[in-house]
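Participant: I would like the atomic coordinates for the input below:
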Amino acid sequence: MKLRSLALCTAAALSLGALAGCSSTKSTGASSGGGGGSAPVVGVDYPRSDTDFWNSFIQYTPQFGSKLGLDLKTTNSQNDVAKLASNVQTMMAEGVQGVVMAPQDTAAIAPTLSQLAAKKIPVVSVDTRPDTGNVYMVVRADNRAYGTKACQFLGTKLNGKGEVVMLEGDLASINGRDRTEAFNDCMKQNFPAMKVYGEATNWDGATASQKLQTDLTAHPNIKGVYMESSFALSGTLQLLQQKGLLVQPTDPKHVFVVSNDGIPEELKDIAAGKIDATVSQPADLYAEYALYYIKAAIAGKTFQPGPTDHNSTIIQVRAGLLEDQLSAPLVTADGASYGGASSLKSTDTSLWGNHLS
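Facilitator: Model (predicted):
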């Protein structure tokens, strides 16, 4: 299948390698200008710049844009879907041929997607998936696996007993819903004796810290924390320190902490015994393949469900909507297996978080 894909997909302009199930088609109808040696003009909206993860994505994007020969027009919607809609209007006025976005409110983005579709401007959604409407490709990891991996880690470490706090993301986001639902489902199925305190935080560090403090005071037997993003990392460590709970994993007072993102600080904290695990969300691959797919869209390529040559799988989410689910491994200090899935050691050189300061 891979050789067939290579035969169908190889194009000099797409230098990052072929993907399974890809084939050339006629133009999608996007505005011209990508041919004749000119650089395709692509709009990229950064969803926010207040987290280490998204700042890493922002750092990687121009690198891959240059590698692919794209002319990037970038904006930052600052976690505001209305600002994202306004930014897209500006992009269209500037004549972009494709748009990469990461809408944090995956329901409210539908009207903007409809406007772009009417203009025949293809869209790649990175990290998040729109609740309604279609885009050319979704580039994200399996976010349900995030919640399941965190559940399996905490349940195993705590021998299926005890109380844990889940600092949820924004449930208006498909990511927040996927991680929350999967964690709860896994706990009910595999560790029914454990108690989960779910706390909505809207991806806000101050909110997460306040709610965790309330839980630690009301429930002094809490032995685990699942943070659905590294936004809560600093506040969580400060609280554990204040309460004398920031101790090594061998200490009976230790509170096991699992995060999501794989930023450099998380990897350092795992190695230092401050937190215990994270799921490495691939900021580098998000930038690389979001831009790869938008260039493919402008060139008139199409893709089909199936495995790729970069350790991921394209799935069909619903009619007309494909998602490339990139690899997002569990990272621990020892690289052990939890729930049947192995983890990577925090020092593994394959982790993008070990290549940024």
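Participant: going by C-alpha atoms from here, please, whenever you check contacts or count neighbours.
Facilitator: Fine.
Participant: and the contacts of the helix or strand containing L212?
Facilitator: Assigned by DSSP states H and E, L212 falls within helix 205-218. The contact list for helix 205-218 (Cα atoms under 8 Å, 6 or more residues apart in numbering) reads 165, 167, 197, 199-201, 222, 231-233, 235-236, 239.
Participant: farthest pair in those residues?
Facilitator: I222 and F231 (20.4 Å; Cα to Cα).
Participant: the more surrounded of these two?
Facilitator: F231 (25 against 21; other Cα atoms under 10 Å).
Participant: who's in contact with the more buried one?
Facilitator: T51, W203, D204, G205.
Participant: G198 belongs to a strand?
Facilitator: Yes: membership of G198 in a strand is supported by DSSP: H, G, I helix; E, B strand; the rest coil.
Participant: ok, back up a step: which residue in the contacts of helix 205-218 has the weakest pLDDT?
Facilitator: Within the contacts of helix 205-218, the minimum per-residue pLDDT falls on F231 (92).
Participant: three-state assignment of that residue?
Facilitator: Secondary structure assignment for F231 (three-state DSSP): helix.
Participant: so for the nearest residue to A102 once chain neighbours are set aside, what's the pLDDT?
Facilitator: Excluding the flanking residues, the one nearest A102 by Cα to Cα, 6 or more residues apart in numbering is V126, at 5.0 Å. V126 carries a pLDDT value of 97.
Participant: I'd like the distance between V126 and V257.
Facilitator: 27 Å (Cα to Cα, to the nearest Å).
Participant: T180 now?
Facilitator: According to Cα to Cα, T180 and V257 sit 16 Å apart.
Participant: so who does the residue sitting nearest the centre point of the chain touch?
Facilitator: Residue closest to the average C-alpha location in the chain (Cα atoms, centre = their mean): D127, at 4.2 Å. Shown in contact with D127 (Cα under 8 Å, 6+ apart): A102, V138, V139, R140, A141, N175, Y286.
Participant: so which one among these has the lowest pLDDT?
Facilitator: For these, the pLDDT minimum is N175, 91.
Participant: quick one: the strands in the stretch 1-150 of the chain?
Facilitator: All strands of the stretch 1-150 of the chain, identified by DSSP state E, counting those that start in this stretch, fall at 23-24, 41-46, 71-76, 98-101, 123-126, 137-141.
Participant: just send those back as JSON lines, with distance to C186 and mean neighbour count too.
Facilitator: Output for the strands of the stretch 1-150 of the chain, formatted as JSON lines (distance: least, Cα to Cα, whole Å; neighbours: other Cα atoms under 10 Å):
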{"stretch": "strand 23-24", "distance to C186": "38", "mean neighbour count": "17"}
{"stretch": "strand 41-46", "distance to C186": "32", "mean neighbour count": "25"}
{"stretch": "strand 71-76", "distance to C186": "35", "mean neighbour count": "18"}
{"stretch": "strand 98-101", "distance to C186": "31", "mean neighbour count": "27"}
{"stretch": "strand 123-126", "distance to C186": "26", "mean neighbour count": "26"}
{"stretch": "strand 137-141", "distance to C186": "18", "mean neighbour count": "27"}
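Participant: for A299, find the nearest of those strands.
Facilitator: strand 23-24 (8.3 Å).
Participant: how close does the residue nearest to A102 get to G235?
Facilitator: Counting by Cα to Cα, the gap from V126 to G235 is 27 Å.
Participant: same question for L246.
Facilitator: Separation of L246 from G235 (Cα to Cα) stands at 12 Å.
Participant: contacts for the helix or strand following the helix holding L212?
Facilitator: Sequence-wise, the next helix or strand downstream of helix 205-218 (DSSP H and E) is strand 222-227. Contact with strand 222-227 is made by 150, 154, 158, 162-168, 216, 233, 254-260, as judged by Cα under 8 Å, 6+ apart.
Participant: give the contact list for the closest residue in space to Y197 that isn't next to it in sequence.
Facilitator: Leaving aside its chain neighbours, Y197 sits nearest to V165 (4.7 Å; criterion: Cα to Cα, 6+ apart). Neighbouring residues of V165 by Cα under 8 Å, 6+ apart: V196, Y197, G198, E199, L212, D215, I222, G224, V225, Y226.
Participant: how close does the residue lying closest to N221 once chain neighbours are set aside get to G205?
Facilitator: Spatial nearest neighbour of N221, excluding adjacent residues (Cα to Cα, 6+ apart): E163 at 6.6 Å. Note on E163: its distance to G205, by Cα to Cα, is 21 Å.
Participant: same check, this time on A271
Facilitator: Applying Cα to Cα, the value for A271 to G205 is 23 Å.
Participant: go on, M194?
Facilitator: Using Cα to Cα, M194 is found at 25 Å from G205.
Participant: got the buried residues for the helix or strand harbouring A182?
Facilitator: Using DSSP H and E, A182 falls within helix 174-190. By 16 or more other Cα atoms under 10 Å, the buried positions in helix 174-190 come out as 174-187.
Participant: same for it, what does it pack against?
Facilitator: Helices and strands touching helix 174-190, by 3 or more Cα pairs under 8 Å, 6 or more residues apart in numbering; DSSP states H and E, are helix 143-157, strand 163-168.
Participant: domains in the protein, by residue range?
Facilitator: Per automatic domain parsing, the structural domains of the chain span 2-127+286-326, 143-280+329-354.
Participant: now distance to N134 too, for those, in JSON lines please.
Facilitator: Below are the domains of the chain laid out as JSON lines (distance: least, Cα to Cα, whole Å):
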{"stretch": "domain 2-127+286-326", "distance to N134": "6"}
{"stretch": "domain 143-280+329-354", "distance to N134": "15"}
